[in-house]
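Engineer: could you work out the structure for the sequence below:
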Amino acid sequence: MDEIIMRLRQRAKENPKKIVFPESTDERVLAAIQYIVKEKIAQPLVLTHDNLEPEKQEEFANMIFERKQAKGMTFEEARELIENPLYYAAMMTKCGYADGFVAGATYTSSVVIKAAISCLDVDKNLGLISSCFLMAVPNCQYGENGTFIYADCGVIPYPTSEQLAQIAISSAHFAKEVLDFNPHVALLSFSTKGSAEGRWVDKIKEAVAIAKSKNTYFAIDGELQADAALVPEIAKRKLGNSPVAGKANVLIFPNLDAGNICYKLTQRLANARAVGPIILGTEQPCSDLSRGCDVDDVIDCTAITVVRAQKRA
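Structural biologist: Model (predicted):
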């Protein structure tokens with residue numbers, strides 16, 4: 001198993017947190033929870049339709065109704081949402097009854113993300129909910145010894161320049177705070193520094209400028225083709241000095257098509273570990289899961305959620 005994954009699991013064990021699992025019928029989730037309990041990675045709370053507490057349901061429904069009534073939601077609709085263990089789990093996290101939640105083995109990503117947006121607080125410093133994957137590629141000399149962050153692969157289909165900048169900042173923050181490496185952020189394109197022209201290239205350039213204006217602690221560059229971002233020799237050939245080209249470890253994709261396709265290709269063709277999608281931009285930590293996840297994916301998303309919760313404590 002990749003060293004960074006083992007390190008995350010070990011860090012989780014140092015101060016295990018309460019993590020809610022709303023998918024009690026999924027065999028992969030149940031097997032992962034057995035391991036999590038045995039290894040003391042987290043304190044799992046498993047929800048079923050039968051163990052939702054009526055008093056908390058009323059509390060949570062009132063809170064959702066207060067947030068959503070201006071958009072036309074009725075209290076009955078809010079109460080119906082809280083009958084769903086996923087929304088109950090998200091509200092447990094919001095209200096401090098749990099430190100985070102992990103879901104997505106049976107729920108689609110869109111449903112999990114909608115629950116997070118509806119229930120959790122948005123980080124005021126970021127102002128945007130997005131997602132990333134931790135990619136661990138075996139026998140790879142690029143990135144951070146074969147480790148990368150891919151973003152956004154799960155939330156925003158066609159981000160604006162401002163949104164791309166925020167995705168880059170969120171991903172860099174995750175890389176530094178959770179994975180403990182210095183982010184070198186590449187905004188990817190079919191163009192490297194003007195080798196092509198057009199509105200798609202202009203959008204990437206604008207995003208880089210916006211991100212640079214908002215941060216001072218990580219290296220960022222773009223627009224870069226993938227080979228120029230990753231391979232030192234090609235970086236030298238295609239462009240001059242760059243703080244990122246040839247050493248990128250955080251890859252920001254121009255849209256959800258590119259991000260989702262590339263993470264799945266990397267996972268399957270390079271036999272890479274793909275952990276996530278990890279939801280970024282919320283005050284309270286949570287992780288989505290691909291419905292194609294395995295037991296280790298559930299364990300590793302849990303470990304990451306625990307480590308993120310430790311940072312908030």
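Engineer: from Q225, how far off is the residue of the chain positioned farthest from its centre?
Structural biologist: Farthest-out residue of the chain from its mean C-alpha position, per C-alpha atoms, centre = their mean: R237, at 33.1 Å. Noted for R237: a distance of 12 Å to Q225, by C-beta to C-beta, to the nearest Å. Yep, even glycine has a C-beta here, placed from its N, CA and C like the rest.
Engineer: check contacts around the most centrally placed residue in the chain.
Structural biologist: By C-alpha atoms, centre = their mean, the mean C-alpha position of the chain lies nearest to I278, the distance being 2.2 Å. Under the criterion of C-beta atoms under 8 Å, 6 or more residues apart in numbering, the neighbours of I278 are 131-134, 174, 287-288, 301, 304.
Engineer: could you do F21 as well?
Structural biologist: 29, 33, 44-47, 89, 101-103.
Engineer: run a quick neighbour tally on the nearest residue to it once chain neighbours are set aside.
Structural biologist: Nearest residue to F21, sequence neighbours excluded (C-beta to C-beta, 6 or more residues apart in numbering): V46, at 5.1 Å. Using other C-beta atoms under 10 Å, V46 has 16 neighbouring residues.
Engineer: same question, M6
Structural biologist: For M6, using other C-beta under 10 Å, the count is 12.
Engineer: buried residues in stretch 149-159?
Structural biologist: Counting neighbours by 16 or more other C-beta atoms under 10 Å, one finds that the buried residues in stretch 149-159 are 149-156, 159.
Engineer: same deal with stretch 73-86?
Structural biologist: 73, 78-79, 81-82, 84-86.
Engineer: quick one: mean pLDDT over it.
Structural biologist: Stretch 73-86 comes out with an average pLDDT of 87.
Engineer: hmm, back to that, nearest to Q10, of the contacts of I278?
Structural biologist: I304 (12.6 Å; C-beta to C-beta).
Engineer: helices of the protein, residue ranges please.
Structural biologist: With helices called from DSSP state H, the chain shows them at 3-14, 27-39, 54-68, 75-81, 85-94, 109-119, 161-177, 199-214, 226-230, 232-238, 256-269, 295-312.
Engineer: deepest of these, which one?
Structural biologist: Neighbour counts (mean count of other C-beta atoms under 10 Å) averaged over each of the helices of the chain peak at helix 85-94, with a mean of 26.
Engineer: which residues touch that one?
Structural biologist: So helix 85-94 is contacted by 20-24, 45, 47-49, 52, 56-57, 60, 63-64, 81-82, 98-101, 103, 107, 111-112, 115-116, 118-121, 284-286 (C-beta under 8 Å, 6+ apart).
Engineer: for stretch 142-151, same thing?
Structural biologist: Residues contacting stretch 142-151 (C-beta under 8 Å, 6+ apart): 2-4, 130-140, 167-168, 170-171, 174-175, 179, 181, 183, 230-231, 248-253, 259, 262-263, 266, 280.
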